[in-house]
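In: Sequence and predicted model, in that order:
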Amino acid sequence: MSAIAVFTTVANRKDARSLARALVEAKLAACAQISRIESVYTWKGTVESGKEYRILFKTLDEHYPAVERAILELHPYEVPAIHAFPMVHVSPGYAAWIEESVAV
């Protein structure tokens with residue numbers, strides 16, 4: 001099983017906490033980390049910027065489709081950023097914890 005990190009962003013801390021809790025409680029993610037960021041992006045032809053919160057979900061590659069569906073279902077944005085990266089080097093104990101935490 002391959003551990004992955006799935007990222008999304010939201011506009012406020014309340015939405016970040018809500019998304020994080022929902023996916024961890026549903027056992028779609030072993031944990032979620034929330035950090036405040038500043039984003040610069042193009043939206044409908046205009047360059048925008050603003051404060052956001054990035055959520056990093058730790059899960060398994062096989063759960064990505066369900067994680068994506070849950071984020072899309074719960075996310076307040078019209079087009080949320082959802083992307084994942086493989087965890088290339090993961091300590092065995094930590095990898096086992098992720099696997100145990102998302103076992104359904």
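Out: Everything's here; your move. Numbers count the residues shown, from 1 in each chain.
In: elements contacting the lengthiest helix in the chain?
Out: With secondary structure taken from DSSP state H, the chain has its longest helix at helix 13-25. Here helix 13-25 is seen to pack against strand 3-10, strand 31-43, strand 46-60, helix 64-74 when contacts are counted using 3 or more CB pairs under 8 Å, 6 or more residues apart in numbering; DSSP states H and E. (Glycine included, C-beta is placed from N, CA and C.)
In: beta partners of the residue nearest to residue 11 when sequence neighbours are not counted?
Out: Setting aside the residues directly before and after it, residue 11 is nearest to residue 52 in space (CB to CB, 6 or more residues apart in numbering), at 6.0 Å. Partner residues in beta bridges with residue 52: residue 37, with DSSP bridges as the criterion.
In: who are the neighbours in contact with residue 52?
Out: Residue 52 is in contact with 9-11, 36-39, counting by CB atoms under 8 Å, 6 or more residues apart in numbering.
In: Recalculate using a threshold of 10 Å.
Out: By CB atoms under 10 Å, 6 or more residues apart in numbering, the residues touching residue 52 are 8-12, 15-16, 35-39, 41, 77, 81.
In: quick one: which of these is nearest to residue 60?
Out: Sorting these by distance to residue 60 puts residue 8 at the head of the list, at 17.1 Å, by CB to CB.
In: That closest one and residue 75 touch, don't they?
Out: Yes - under the criterion of CB atoms under 10 Å, residue 8 lies in contact with residue 75, with a separation of 6.8 Å.
In: tell me, what's touching the two both at once?
Out: Overlap of the contact sets of residue 8 and residue 75 (by CB under 10 Å, 6+ apart) consists of 15, 19, 81-82.
In: Scan these and report the most crowded one.
Out: Using other CB atoms under 10 Å as the contact criterion, the top neighbour count among these goes to residue 19, which has 24 neighbours.
In: Please tell me how far that one sits from residue 101.
Out: Spatial separation of residue 19 from residue 101 under the definition CB to CB, to the nearest Å is 17 Å.
In: for residue 50, same thing?
Out: Following CB to CB, the distance that separates residue 50 from residue 101 is 32 Å.
In: rewinding a little: let me know which of the helices and strands packed on helix 13-25 is tucked in deepest.
Out: Taking mean count of other CB atoms under 10 Å as the contact definition, the stretch among the helices and strands packed on helix 13-25 with the greatest mean neighbour count is strand 3-10, which reaches a mean of 20.
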